[in-house]
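Trainee: What follows is a predicted protein model with its sequence.
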Amino acid sequence: MASKERKYAKKYARMLFNVTGTEKAEETIQILSTIESMVETNKEIRNFFLSPLVSEEERKRAISEMASKAGISEEVKKFIIFLASKRAIMALPDIIRHYTAIYFDRQRKTKATVITPVMFDGDYEKRLIESLQKLTNREVEIEYLHDPELIGGIVIKVGSTMYDGSIRGQLELLKEKLTA
């Protein structure tokens, strides 16, 4: 992805959030994620957004038609047309990430990524959520990643903070202390 697109992703996310607000945020995230997935997996769709051979008017007409058939809001339709005109559709993953962060911040929510070697049962998950809510003073949404290479324990990422309670992490700390 071009650095120019990445540079403006946060600005574009804020711009879209100011138009959609918290009321339409979850729907907007879902729509943008679907479009991002289509662009990522379908070469023809990616070419449609990026090719200089497709005129701005053709692109605008096709996006408008797709949006009306899919029931996409006017705000999101205009935003996709805007991204297409800037040829910035490849910045969509970063835009979604920033948009989601803005939404979570406004809702006093946060997202935690939990990496474990095994899946948790309901009781442990409930205790984990309660602990993370106390730690962050926010409502926590958890995304689980299964890593069978993790010997044991748990790794949790909340925002830019990483909590490594894995055996592998503890062994690496021990190694550092012994070699220092």
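Mentor: Now that the structure is in, tell me what you want to look at. Residues are numbered from 1 along each chain as shown.
Trainee: wait, what's in contact with the residue lying closest to residue 24 once chain neighbours are set aside?
Mentor: Sequence neighbours aside, residue 73 is the residue nearest to residue 24 in space, at 6.4 Å (criterion: Cβ to Cβ, 6 or more residues apart in numbering). Placement of C-beta: from N, CA and C, glycine included. Residue 73 makes contact with 20, 24, 27, 28, 31 under the criterion Cβ atoms under 8 Å, 6 or more residues apart in numbering.
Trainee: out of the residues you listed, who's nearest residue 54?
Mentor: residue 31 (21.3 Å; Cβ to Cβ).
Trainee: just to revisit the earlier point, weed out the non-buried ones from the contacts of residue 73.
Mentor: 20, 24, 28, 31 (16 or more other Cβ atoms under 10 Å).
Trainee: With pLDDT, secondary structure and distance to residue 154 added, can I get those in CSV?
Mentor: Formatted as CSV, those follow (pLDDT from 0 to 100; DSSP: H, G, I helix; E, B strand; the rest coil; distance: Cβ to Cβ, whole Å):
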residue, pLDDT, secondary structure, distance to residue 154
20, 93, helix, 35
24, 91, coil, 35
28, 93, helix, 32
31, 93, helix, 33
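Trainee: How much space separates the residue nearest to residue 24 from residue 149?
Mentor: Noted for residue 73: a distance of 42 Å to residue 149, by Cβ to Cβ, to the nearest Å.
Trainee: same question, residue 109
Mentor: On the measure of Cβ to Cβ, residue 109 and residue 149 end up 30 Å apart.
Trainee: Could you do residue 170 as well?
Mentor: Distance from residue 170 to residue 149, by Cβ to Cβ: 15 Å.
Trainee: For those two, indicate the residue with more neighbours.
Mentor: Legend: neighbour count by other Cβ atoms under 10 Å for residue 170 and residue 149, higher for residue 170 (14 against 6).
Trainee: which residues touch the more buried one?
Mentor: If you count contacts by Cβ under 8 Å, 6+ apart, then residue 170 has 153, 164 around it.
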